[in-house]
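**Student:** show me how the following folds:
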Amino acid sequence: MKNVALITGSSTGIGRELAHIHAEKGGDLVIVARSKDKLEALKTELETKHSIKVFVIAKDLGLPESPKEVYDEIKKAGIEIEILINNAGFGGVGVFHELEYEQHMDMINLNVTSLTAMTRLFLPDFVKRNSGKILNNSSTASLMPGPLQAVYFATKAYVRSFSNALSAELSETKITVTNLMPGATETEFGASSGMDKTAMFKKTASARKVAEAGYNAMIKGKIDVISGLTTSQKIMMAFIPFMPKKLLLKTVKNMQQTD
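**Tutor:** Now for the predicted structure:
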């Protein structure tokens, strides 16, 4: 396999589009998600359409042992990863103390712990050969606190901070770390998280558009990229650093109210 990109959460949404983009450019893939059926269907589609090779790993990355199992399986297969795309994640809307305890812990495990583990496992290989690119899917939610999505916004703030710090640590190497911050995007994520019922998701960007922005920024070695915002959302983002904290919190909370 050549120019291999490993993409987590690749069976749907932004991850699936990222797989298509990489395949269109002639790159091989390792695709990881929970649904083996969806992964196998994507493998068949990409291999048939683009004459590339796709390696499937059906794994729930929210489980503590999964990142190491993924790494070991790839090493056993003799596959060298050139691009690591940490895309898997999920969210949920509601008052913190009313949502299920397990939901919070599962969200932290997938959005934070798994992403960190995957990066730590593969990065030494990148450093050893002094090449490689990492794309971490954060969110514009990383730029502010998120009342009614307290844990989700906090996990995405971690991803942004973590990605930016690694970028600086690796600045003297040929390895780059890019932080993708999508706005509301048209994927299954909106429905599964309940966010599709909020004002924030009244207008969504296409997953393809967001994936293209992230992939292109990664190839260029950019540190941050924001994609999928409406004009009004762009204006709001520009004013965030200057907004009084109480006003910001009230605004975000109102945007998170469900219908």
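
**Student:** from now on I want contacts and neighbour counts done on CA atoms only, so please keep to that.
**Tutor:** Fine.

**Student:** what is the burial count for K59?
**Tutor:** K59 sits with 19 neighbouring residues when counted by other CA atoms under 10 Å.

**Student:** that one reaches S66, doesn't it?
**Tutor:** Yes: between K59 and S66 there is a contact under CA atoms under 8 Å: 6.6 Å.

**Student:** beta partners for V30?
**Tutor:** L6, F55 (DSSP bridges).

**Student:** residue contacts, V252?
**Tutor:** Shown in contact with V252 (CA atoms under 8 Å, 6 or more residues apart in numbering): P145, G146, P147.

**Student:** element containing it, please.
**Tutor:** helix 245-256 (DSSP states H and E).

**Student:** mean confidence for that helix?
**Tutor:** The pLDDT scores in helix 245-256 average 88.

**Student:** can you give me the buried ones in it?
**Tutor:** Neighbour-count burial for helix 245-256, counted by 16 or more other CA atoms under 10 Å, picks out L248, L249, V252, M255, Q256.

**Student:** using a markdown table, lay out the residues you listed together with distance to F55.
**Tutor:** What follows is the buried residues of helix 245-256, written out as a markdown table (distance: CA to CA, whole Å):
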| residue | distance to F55 |
| --- | --- |
| L248 | 44 |
| L249 | 44 |
| V252 | 41 |
| M255 | 40 |
| Q256 | 38 |
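
**Student:** between the residues you listed, which is nearest E73?
**Tutor:** Nearest to E73 among these, counting by CA to CA, is Q256 at 40.0 Å.

**Student:** now the strands for the stretch 51-200 of the chain?
**Tutor:** 54-58, 81-86, 132-137, 175-182, 185-186 (DSSP state E, counting those that start in this stretch).

**Student:** looking at the ones you listed, which one has the lowest mean pLDDT?
**Tutor:** strand 185-186 (a mean of 70).

**Student:** low-confidence ranges, this structure, go.
**Tutor:** 185, 187-203, 259 (pLDDT under 70).

**Student:** picking up where we left off before, tell me the most buried of the strands of the stretch 51-200 of the chain?
**Tutor:** Mean neighbour count (mean count of other CA atoms under 10 Å) peaks for strand 175-182 among the strands of the stretch 51-200 of the chain, with a mean of 26.

**Student:** so what secondary structure elements neighbour it?
**Tutor:** strand 132-137, helix 150-169, helix 207-220, strand 224-227 (3 or more CA pairs under 8 Å, 6 or more residues apart in numbering; DSSP states H and E).

**Student:** now do the longest one and strand 132-137, the angle between them.
**Tutor:** Angular relation of helix 150-169 and strand 132-137 on a 0 to 180 degree scale: 160 degrees, by axes from the mean of the first three to the mean of the last three CA atoms, to 10 degrees.

**Student:** contacts for stretch 165-175, please.
**Tutor:** F126, V127, N130, S131, G132, K133, I134, T176, V177, T178, I223.

**Student:** start and end of that stretch, how far apart?
**Tutor:** With CA to CA, to the nearest Å as the measure, stretch 165-175 spans 13 Å from end to end.

**Student:** which ones are touching S227?
**Tutor:** Per CA under 8 Å, 6+ apart, neighbours of S227: L180, M181, P182, G183, K209, V210, A213, G214.

**Student:** ok, the last one to K49 distance?
**Tutor:** Computed as CA to CA, the G214 to K49 distance reads 23 Å.

**Student:** of those two, which one has the most company?
**Tutor:** G214 (28 against 12).
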